[in-house]
Structure formats: structure tokens, C-alpha cells
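A.B. asks: For reference, the sequence and a predicted model appear below.
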Amino acid sequence: MATLAGAQTSTYAGANAWRVILEWLTTVDHKKIGIMYLWTAGAFGLVGMAFSLVMRTELAQTGTIISAETYNSIFTMHGSVMIFLFLLPVGAAFMNYSMPLQIGALDMAFPRINALSFWIFLFGGVLITLSFAAEGGTASAGWTAYPPVTLDTGNNAEPPGAGMDMWLIGVILLGQASIFGSVNFLVTIFKMRAPGMTMWRLPLFTWTTLVTGLLILLSTPVLAAALVLGFIDRNGAGGAFFDPAAGGQPLLWQNLFWFYSHPAVYIMILPAMGIVSDVFGVFTRRPVFGYRSMVLALVGIGLLGFIVWAHHMFTTGGVFLPFFMGATFLIAVPTGVKMFNWITTMWRGSNIFPTAMLFSVGFLMLFLIGGITGVFHAAVPVDFALHDTYFVVGHFHYTMSIAATFGFLAGCYYWFPKMFGKFMNEGLGKLHFWLLFIGVNLVFFTQLLLGLDGMPRRINDYADNPGWELMNMLITIGAFVSAAGMMVFLYNVFYSLKWGEKAGSDPWEGTTLEWATTSPPPPHNFDSLPEIRSERPLFDLRFGEKLQDDPHYHVNNGHNGSNGGGAKQPDASAREEG
Amino acid sequence: MRAYQRLWRTRIGRLTLVMGAAALALLALSGLAGAQVALPEAVTEQGDSIRTLYFVVFAIGVVVFVIVEAMILWVVFRYKRKSDDELPTQVAHNTTAEVLWTGIPTVIVVVLFIVSFFVLQDIQAAADPDEDVVIVDVQGRQWAWAFNYAVPLGTELSESISPDLAETEIHLKDSSLVVPFMTLKIGVEHMRVVARTGDVVTVDRAVNGTVAIRHRAGAEVMRVFNGTDTVAEGRMQAADNTPIVTVPVGQMIRFNIASADVLHAFYTPQFLTKLDAVPGRVQTLWVRITDSGDFMSQCAEFCGRDHARMIYTVRALPLAEYMDWFEDKAGDAPEPIEGDFGGEEEVEAQEGAVGNPANGQNLFFSLGCNVCHGDQGEGLVGPTIAMTIVPLDRVITQYREPLEAMQVFPPDKVSDEEIADIYAWLQTVPRPPEADVIPSKLAELIEAGG
Amino acid sequence: MAASAIPHKRVHPVRSFLVGDEPMTTGLWGIIFFIFSEIMFFAGLIAAMLALHSDTLFWEPTNGAHRVEGDHLLPILFTVLLVSTSIPMQFAAFAIRKGNRKAMLINMTIVLVVGTAFIINQYFEWSHAGFGISDGPYAATFYTLTGFHGAHVIGGLVFIFAQWLRGLLGHFDAKRNTAIEAATLYWHFVGFVWLLVIFPLVFFLS
């Protein structure tokens, strides 16, 4: 082990810079691809944050600093960059990096396609960002890009320029990268598991990867269809798909778009849920409470995710309200199950609170607010009042943006030692956490209140409502506090890369297989694997003996039968492969 | 004080106190900021129902929030690792607990669903068939609103349509289909229903395109007049003036919401509801207003550059005052004809139009005419006015008392001479060829008897 | 217990027919998942077509172009041809499962020839459609759906052709034939989607 790690460091030290760069550019190693996803997505995330600061500066007071066109383009790019280029790829980064390690695989099922995914993603992302240079600027119709305002047809007073086409093509490419990635994740999970790693022994993060992969696989192509139709509508069809003046239907886009974009919310939040589940399992020294109900809740959220898309369209007058209202309410149930499972995991636990754990607890608190405000929107009459106001902005930021970001930050602090062999600085980490936690609550809770007061979203000025000034100023202050927190994080990353305390192969007393190898792991991931008898193989290794007499301590060894049928199928398929 | 001290001695007590203080501070802060944790007071019956439902959801939400957040804080502060080799219980599931925390939320959401369902039925209910209703056509366009009022046929207002407009009959496939009185959207132009007998509907202009009838709610075919008042007090309205829609208190009001171009949303915060204006559709919003007053309202669906400036005011008047306003307004209402003055090709352009074209061009842009009519008068939201054949005096009337959604230009803003200048300039800009007009589907539709 | 009792060879007949009795390779898993995503893509497009047709103001090409009755013959002929190439493609897979490379190549040649003929016919259809892509919803969906389907046919043909070349060079045997199985599954998908695409397109016009 030690020699391997040493050998690897010396390659790095000895190689000249070009060889290192070439190595990264041509790599098909899932770990390097994961890290590249992380850096790229992180950079895009900073860009998206910069956009949000521009918006908040504009909205801090009434009156305008930047033109309406610029504001529209900035909020559009904020949404697009944050969703397509930050939240989705950060999830992909962790799934790439950790999932194969967690199931004891040597690499992904299709390493070269994995690299292709990354490069397509990068190309699409650059294309979208480059649209600032396009004639007419970037896309400026919001990340939802509802036609006909996106269309080049006669009824639209200010048709967008080439930036809109670049946006459409860019998002198609990102979708393609996602689809390739999801095929890869799914096949890897189904086919590449180490012996003994049955489906019911998968770490929860791997389970979320599986469900996320299925969601991507089945929903992203529908978005691709919508984008393709949108592109053709702008370049040839003359609005025949989405502009009623040419025979199209604006609501058709919304249906197709949300058929993807509602599951996309879960594509963003589920990996974060997986991360915090694993983090709770490690830092409480307890099994994640109700492992199977967690998995069932995940699958339930995934399934429900496909039948609630129209709750984004309650005020369009074009959807069947009671059905979508009922389905949307139901989502609260599996989400609540997860929440209680996490809390109960900490209950009577032997808890410690390094930064990763702080962010996980922060995730719970923020996601709770997001979940409860979601119920407000599920109630259609209340949604009539709140839709398209700042309440919905606060709601979705609490859930898919900030809660997800907290989960991902927990992942950063948790897996950083694995990725780079060094701890992140805990002091800076705590400062980061508190600045961010206070900042985002100031931003998004105030947005909820503003929304109740009726401030519509996507407006660049509110001069007719001077009553909103103070709240907007608070939000802007919160935004800058959050940004300061993220600067601390950025500093922490570079500080820790250089001066961080050395971490061994298993610095957190981890429970899952990624901690059974060196930090960073060798290119082939594992020299040897421990016996896998539960979803916590390393915990069993460390504490199994001690806990022999604990009646509650179970490993799945030898009594598969009592654990239900779930283990049979994967066992059979694993044998088939061998 | 004693009680607090006692509470402070235990860890949990301290936690409770700190949380309570933090909550109070937050409340105080939000109070200072002018925020409240409730929706605004409703001024409609429907809004009242929504507000009640909101409080139901809010109450449940607060209870859940407090309980769960307290649970989180409790486990965080109560259970900490005391020694390095401490091993906690390995209890991994508890069927009773899991059934409970699946079952209780399920019950809560089912109850919420039932309550919401009935509130939804309530707020979407139409007026009684024999009830007098006020009908307002709402049309959103980039970036202004137009409000037209319907008057039942048979009143003294139902004089025949302007003779210089071609009338066309549309034969409906389904005679039970109720044709709205409101503006029908045809391609990029508009027309109105002027009469209906059985399944034959007469509209005022046949132009290229297809009739977009998407209306299912019931109403008599009506005559329409433009009832948009404007007031120059809104600071943000794209057209400088905030349109006002005047409605009575106590009557059922039916807003028929449509769009001329892209998506908009009719949103009056005090109504506690909104409805999208979707091009190609006409959607109905029923409200009964309970309080008089002026209610600032705003487009709530992103609609392009000046979305933030698409403001309007709902002016609710007591019934008697409303009737006065109505008679006043309807009595001298101009013919509800389309402001498309470029259509009649027979009419020769007025010769010898005097005026200074250069000044006219400057005025055209400084007054913002180009926003609606295009930089060359080629027509955007507003009609094509390049090389217009409408006589100058009629054009001046259009500035002073506009038909359709054009804003009012009083003489102190633009004089008759200045209008003549603009008119002169407009005669110099080339009229664009009929660019990509949608081929006539209407003619086919009529031929096919459909 | 039950897991270990499953005899190694017991495979579902449908699975046996489609991918053989050998354990499925990662490549085959991958292509199956990928086909699912492709199905969802076409589901999106076809759903858009159905939605437009059910609720549009005008549907048929706005320039008044209508197909005459006789024009349907060629599309129907090529539909039958394309869908029936699933049979030689499946025979190619059967052949290579038994190690018969020659029979595989012959069957693949049939697929390649008929597939190419289908594409040529599609080009002919496009150039004689009588309406452009901007002539209303029907025209736009016509070009979009046939275009994307055609692109998938071409992609399938290129892939099959590459495997055909590999076959000529002596690749593939009874054990190593993932690419052939994958191509077969994909080709079935392409034919199946064509049925979903062409029938509405034909019937909605008349």
C-alpha cells in the first residue's frame, strides 16, 4: 500500500507539467474524471454566484444600475449555469469519484465513454457561457425558456438572438453527457460490484446514484426532445411547435420541459441526500436508521417525480389540477421518511461534528424549510397566490439549490482527504459553514417573506413598491455574506491542498469501501478488499468483534434469507458474470 | 425570571431559551423589515378562501417545523461522542416508529388535499347563471395591458359595426360552443365577434390566419368597448401610464385573460391569485371583490425586456360609482375597431401633408413610438404605420383618444404640429412588403364549414 | 437459499431469444439502457406530435399540399421492408451465437442493403413532400420525426457496417459477439420506432 502511494507521488513529482496535463486530458480514470468534474463545476458555480451578486446589487435598492436586457440575461445565466453547469455536474463529480470506490469496482463500466461525457459537458458549458459574445447577447428568457418569448416569430417584440440557439445546443449537449453518464453509472452498479456487494448492501450514496441514473436516463431525453423542437422552431419551423400564431402550443414546451425538469430537481438533490446519509452513518457510528425504508423512499421519490411535473404549471390554466395536486402532496411522505430516518440516525448516536457533519446537519435544517414551503405550493389555491413570486424562489433555493449545495459541500469536506490525501482545514471549514448558513437563511427566508407580500420574480426593479426595499437590502447583504463564506471555502481548498494536514487512508473511520484503499487511491483503486457482509464493511471490520454481543448489531452474513428476497437477484447476476 | 434561571441550568433548557431568543430576534427583524408571515389581506371572496387555506397550511407547517427542527437540535446537542471508543446502540430500524412517521404525514397530506380540493372548487366556481356579471377582457401584450368591457347586445350600445369594415361570418362546428365576445386572435391581427345567430358568428374583419377560439365558459355574444383608463402615477409602466381596470364591488367579475404575443400573467396580490395569459387561449378568472380601493398589480410571468414594468391597477368602486363610471365610459365609447389603419388600400394617402420629417423622426423615437410600431414604423405590437394612408386628422384623434391599447398623448405632450411632423416622416419611410404573413387559413376554414 | 438453487442455465426464453444464453456483458447492458433513453427521446417527440395534432388550430401543411392516395404505397412498402430487416438482423445474431460468421455476414448484408434503400427512399420522400418545414405543425413534425428517425437509421447502418467489416476481418465468435447483439437490439428499436412514427404521420394527414 505504502509503496503504491509513494510510487504515485513520485510520478507526479517527476513528470513535467505537460505530461501531467496530457495525462489529465486523456485520462479515462473515473477518479480523475470525477475531480475534473468537481473543478469545472466549482468554477461554473463561482460564475453563477457572481451572477447572483450582480442581481442582488441591482435589486438592493429601487432604480436600475444595469439595463433590463442585461438583468434578464444575468438571471437567465444564473439559473442555467447553477443548474446545468454546477448542481448537476457536481452530483456527477461525486458519483464518478465515489460510487465505483463504494462498490469495490476497478473503474466505471465504460471508462472512455465516461471521459467522453465529461468533455461533451465541458464543451456544452463553454458554449453556453460563450453566448455572452453572441450577437444579441445570451439567452434571456429564464432557465425555463418558456416560448414564445424565446422564439423568433413576429408576435414577439424582442426576439432573442444567436445566444438562444447556443443555449439550446449547449443544453442538448449537457443532456447527452448526462445520458451517457447515467448509462455508465447504471451498468457500473449493476455489473461491476465486488463479490458480496449485494444490492441491499450498497451504501446509500450508491443507491442515490442508481436512482439518479434512472431519473436521468428516462427524463433527460424528453428535455432533449423539447430543446430540439425549440431549436427547429427558431430555425425553420417558424413557431409551428410553440407559437400559437403558427399553429403551435406554448404549453407543450412547458409539459415537455417540466417532464425533465421536475425529475431534474431530484437528480440534483438525491446525490446530496446520499452524501449526508453516508456522512451521518460515519460520524454517528450508527447504521443509517431504516436503511431499507431509505431506499424505498428514494425509489418512491423517483417514481413520484415522474407524475408531478405539471405542478409547475398550476396557473397556466392548462393542466388537470386535482391529480397533480394530490401527487405533489404525496411527495412529502417519502421526503418526511428520509428526514426522520436521518434524525433517528443521530439519536442516541456517538456523534462528532467535523465540518462535513455540520454541513449535513445544515442540510437537514435547510431542506426542512424547503420541504415545508413545498407543501404550500402543493396546495393549488395557495400556489395561485405564491406562484412566480419570491416565495417560490425562496422555496426552490432552499431545496434544490442550497440544501443540495450543503450536501455537496459536506461531500467536499468528507471526500477531500480521499481525493487529495489531505484534510481540509477545520477552522476555516467552520467559519465557512457559519457564514454560509447565516447568509443563505438571510437571503432565502427573507425571499419567502417578500413572496408572501407579492413581489414577482424575474423583475429588475420594484420602484412601485417602496415597501420592499428593506427586505431586498437584507437579501443583498445575505448574498454577500454567503459569497464571503464561499471565498473562505475557496481559500480553504487551496490552503489545504498545499498545507493541509496529511490524512491516512481512512481518516474518518469510514464505513464504506472507498476508505479501504489509499488516499488518493491507486489507478486500479484496490489492492485488496475486506469481506463485505453488510452496507458497512469497514465498520464491521473495525467494531464487529466488539459488538458481537449487541443484539441489535446485524451483519447480513449467512442469513440472507431473513433479509428478504432483494439479495437474491444481484447475487445471481454477480455469479453469472463470474 | 426565576423560571428562566431554572431552565438555563439544563442543557435542553438553554437550548430552548437560545432558540426562543433567536426566533424572537428573527421575528423582530422581519417585523422591522415590514414583512409578515401571512399573505396580504384579501379583497375578494375567493382570496379570503385562499387566505384561510393558507393559514391551515401555515399552522401545520409551523407545527411540523418546530417539532422537527427541535428534534434536530435535540439530537445534535444531546448526543455527542464522549470517548474515542464509545460505541452507540446499533438499533437500525423500528417498525412502529417507521410506520408512524410514514402514516402520520400521509394522513396530514390527505387531509390537506381534501381541504385544498374543496377550496379549489370554491374559488373556481363561476357565477350563477341568472346572476349579473361584469365581464372584462384582459389582454396582455409586450409590455402593457388592455382592458375591454363587454356590454350585452340589445342595449342602446349595440349599434352596428363600422361600415367600412368587412364583416365575415364564421360557421361554428358546434353550436353549443360559446364564442367569446372578446378579441379573437388571428395570426398577428385581431378581430371581434359582432353578432351571433345560432351557429353563425359574425366577426368584424377577415384577415389572414386562423380564428383562435379556445373559449368554453358561457356568455352571450357582446359588444365591446375599450375601458382602459390610464393614470400617469405608476413610475415603471413601459408606456408611462399605468392602465386601470375599473370594476365594481360586490358583483361577480369575469376576467377573460388573453395574450397578444407571449406569456403573461394577470396577478393582483390582494386577489391572492393569478392566471397566466397564454397566447392562443382565453382563460377565465372569477372574482367577487369585497373592498373598494386601488390595487397595484403586475405581470407575473416573464415576458421579455420590460416585464418588470408591466404594471396595472385594479380600481374597485362601489356599485353606484361604478355604474356612473360605466355609463360615462360606455356612453361615448368609440367603435371597438382595430387600430389597423394600414389595411384599406383604396384610400389614397392624403396629399400635401405638411410637416418637418426630420423633427418627426426625432419625435418618433423620443416619444417611444418605435417601441410598439418598430423603428421604421413597420409594426411590432402596434400596427404598421409606415406610409400610413389614414388621414392626418384621424391620426391626431388616435393620439388624443386612442383606440386599442395605444397610450394617450395629450396636446401638452405632443402638439398637432408635431404629430404632423411625425406623419410627414412616416410618409418617407418605406412600407415593408407583407413579410411572412401566415397564409389564409380562415378562408379555408369558412369554406370547409368549420 | 433460493438464489443458490437457481440452476445456472435457466434463462427466460425471451431473454434467450434476444440476447442469447450467455451472461450479458457490460456492453449489452449499456446498449439496453441507451435504447431506453432513445425510446424516451422519441416518446417526447411523438407526444409533442400527438399534443399538437389534438389541439392545434391548423394542422395540415399551410401551403395546401396534400398527398394523393397513391403516394402512400411507397412509404408502406418501405415501412414493411425496414421493419422486416429485423428478421435477418436477428438471424445474424443467431448465426454468430452458433459461431457461424458467414451466415452472420450474409444476413447483415441484407440489412445494410435494405437499410440504405430505405434512407434513399426517405431522401426521395423529403424532396417530393410538397411542403417545407415552416408550413405548419404537420410539416414541422413530419420533417423532425422522419429526420431524427433517419439519423438513427443512418447511425445504426454505420454501426452495422463497422461490425460487418470487423466480421470480414475475422472478428466475433460464439463467445465474443456483444457488438452484434447490441446492433441487433438497436436495429429492432429503430424498426419499432419507425412504426410509432410513420403511422400517426400517415393517418393524421388523411
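C.D. replies: In hand now; what should we look at?
A.B. asks: Okay, now the unreliable bits of the stretch 51-200 of chain B?
C.D. replies: Residue ranges of the stretch 51-200 of chain B with pLDDT under 70: B:150-200.
A.B. asks: what ranges do the strands span in it?
C.D. replies: Using DSSP state E, counting those that start in this stretch, the strands assigned to the stretch 51-200 of chain B run over residues B:133-141, B:144-152, B:168-171, B:184-186, B:189-191, B:193-197, B:200-203.
A.B. asks: Phi, psi for the closest residue to A:Ile301 other than its chain neighbours please.
C.D. replies: Among residues not flanking A:Ile301 along the chain, A:Pro334 sits closest, at 4.9 Å (C-beta to C-beta, 6 or more residues apart in numbering or on different chains). Glycine gets a C-beta too; all of them are placed from N, C-alpha and C. Main-chain torsions, A:Pro334, degrees, to the nearest 10: phi -60, psi -30.
A.B. asks: Could you report the distance from the residue of chain C found nearest chain A to A:Asn425?
C.D. replies: Among the residues of chain C, C:Gly44 lies closest to chain A, at 2.9 Å counting by C-beta to the nearest C-beta. For C:Gly44, the distance to A:Asn425 equals 47 Å [C-beta to C-beta, to the nearest Å].
A.B. asks: Between the two, point out the one with more neighbours.
C.D. replies: More crowded of C:Gly44 and A:Asn425, by other C-beta atoms under 10 Å in any protein chain shown: C:Gly44, with 24 against 21.
A.B. asks: Packing partners of the particular helix or strand that has A:Phe444 in it?
C.D. replies: According to DSSP states H and E, A:Phe444 maps onto helix A:426-452. Contact analysis of helix A:426-452 by 3 or more C-beta pairs under 8 Å, 6 or more residues apart in numbering or on different chains; DSSP states H and E lists helix A:355-378, helix A:390-396, helix A:404-420, helix A:469-499, helix B:11-32 as its packing neighbours.
A.B. asks: In the chain, which helix is the longest?
C.D. replies: Picked chain A for this. For chain A, the helix that runs over the most residues, judged by DSSP state H, is helix A:250-283.
A.B. asks: wrong chain, I was asking about chain C
C.D. replies: Among the segments of chain C that qualify as a helix by DSSP H, the longest is helix C:136-168.
A.B. asks: what is the orientation angle of the helix or strand just after that helix with helix C:136-168?
C.D. replies: Beyond helix C:136-168 on the C-terminal side, the first helix or strand identified by DSSP H and E is helix C:178-205. Computed with axes from the mean of the first three to the mean of the last three C-alpha atoms, to 10 degrees, the direction of helix C:178-205 lies at 160 degrees from that of helix C:136-168.
A.B. asks: List the buried residues of helix C:178-205.
C.D. replies: Buried residues in helix C:178-205, counted by 16 or more other C-beta atoms under 10 Å in any protein chain shown: C:178-191, C:193-194, C:196-198, C:200-201, C:204-205.
A.B. asks: name the helices or strands packed onto the helix or strand that C:Ile96 is a member of?
C.D. replies: In the assignment (DSSP H and E), C:Ile96 maps to helix C:86-97. Under the contact criterion of 3+ C-beta pairs under 8 Å, 6+ apart, helix C:86-97 touches helix C:101-127, helix C:178-205.
A.B. asks: what's that helix in contact with?
C.D. replies: With contacts defined as C-beta atoms under 8 Å, 6 or more residues apart in numbering or on different chains, helix C:86-97 is touched by C:20, C:22, C:101-105, C:107-108, C:110-111, C:160, C:172-174, C:177, C:180-181, C:183-184, C:187-188, C:191.
A.B. asks: Report the angle between it and helix C:101-127.
C.D. replies: Going by the same axes, to 10 degrees, helix C:86-97 makes 150 degrees with helix C:101-127.
A.B. asks: Quick check: buried residues in helix C:86-97?
C.D. replies: Buried residues in helix C:86-97, counting neighbours by 16+ other C-beta under 10 Å, are found at C:Ser86, C:Pro88, C:Met89, C:Gln90, C:Phe91, C:Ala92, C:Ala93, C:Phe94, C:Ala95, C:Ile96, C:Arg97.
A.B. asks: I'd guessed B:Ile257 sits against B:Thr284; true?
C.D. replies: Yes - if you go by C-beta atoms under 8 Å, B:Ile257 and B:Thr284 touch, sitting 7.5 Å apart.
A.B. asks: Looking at the two now, which is surrounded by more residues?
C.D. replies: Counting neighbours by other C-beta under 10 Å for B:Ile257 and for B:Thr284 shows that B:Ile257 has the greater number, 25 against 19.
A.B. asks: Return the residues in contact with that one.
C.D. replies: By C-beta under 8 Å, 6+ apart, the contact set of B:Ile257 is B:Val138, B:Gly140, B:Phe266, B:Leu275, B:Asp276, B:Ala277, B:Val282, B:Gln283, B:Thr284, B:Leu285.
A.B. asks: Please identify the pairing partners of the helix or strand harbouring the fifth one and their relative orientation?
C.D. replies: Meaning B:Asp276. In this assignment (DSSP H and E), B:Asp276 forms part of strand B:273-277. Strand B:273-277 pairs in its sheet with strand B:264-268 (antiparallel), by DSSP bridges.
A.B. asks: Need the contact partners of the strand it pairs with.
C.D. replies: For strand B:264-268, using C-beta under 8 Å, 6+ apart, the contacting residues are A:315, A:388, A:454, A:456, B:138, B:140-141, B:255, B:257, B:274-277, B:285, B:295, B:297-301, B:303, B:310, B:314.
A.B. asks: Show me which of these are buried.
C.D. replies: Buried among the contacts of strand B:264-268 by 16+ other C-beta under 10 Å: A:315, A:388, A:454, A:456, B:138, B:140-141, B:255, B:257, B:274-277, B:285, B:295, B:297-301, B:303, B:310, B:314.
A.B. asks: Send me stretch A:56-71 as CSV with only the CA atoms.
C.D. replies: Output of stretch A:56-71 as CSV, limited to C-alpha atoms (Å, rounded to 0.1, in the frame of the first residue of the first chain):
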residue,chain,number,x,y,z
ARG,A,56,-28.6,41.3,-5.8
THR,A,57,-26.7,44.5,-6.3
GLU,A,58,-29.3,45.6,-8.9
LEU,A,59,-32.2,44.7,-6.5
ALA,A,60,-30.7,46.1,-3.3
GLN,A,61,-32.5,49.4,-4.0
THR,A,62,-35.1,50.6,-6.3
GLY,A,63,-34.0,52.2,-9.6
THR,A,64,-31.7,50.5,-12.0
ILE,A,65,-28.0,50.2,-12.4
ILE,A,66,-27.9,47.8,-15.3
SER,A,67,-30.3,47.7,-18.2
ALA,A,68,-33.3,45.4,-18.2
GLU,A,69,-31.8,43.4,-21.0
THR,A,70,-28.6,42.8,-19.0
TYR,A,71,-30.6,41.9,-15.9
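A.B. asks: Least confident secondary structure element in chain C?
C.D. replies: helix C:2-5 (a mean of 46; mean pLDDT, DSSP states H and E).
A.B. asks: Near chain B, which residues of the stretch 451-578 of chain A are found?
C.D. replies: A:452-454, A:456-465, A:467-468, A:470-471, A:474, A:543, A:546-547, A:550, A:552-554 (C-beta under 8 Å from any C-beta of the partner chain).
A.B. asks: Pull out the buried residues from those.
C.D. replies: For these, a burial check counting by 16+ other C-beta under 10 Å picks out A:452-454, A:456-465, A:468, A:470-471, A:474, A:543, A:547, A:553-554.
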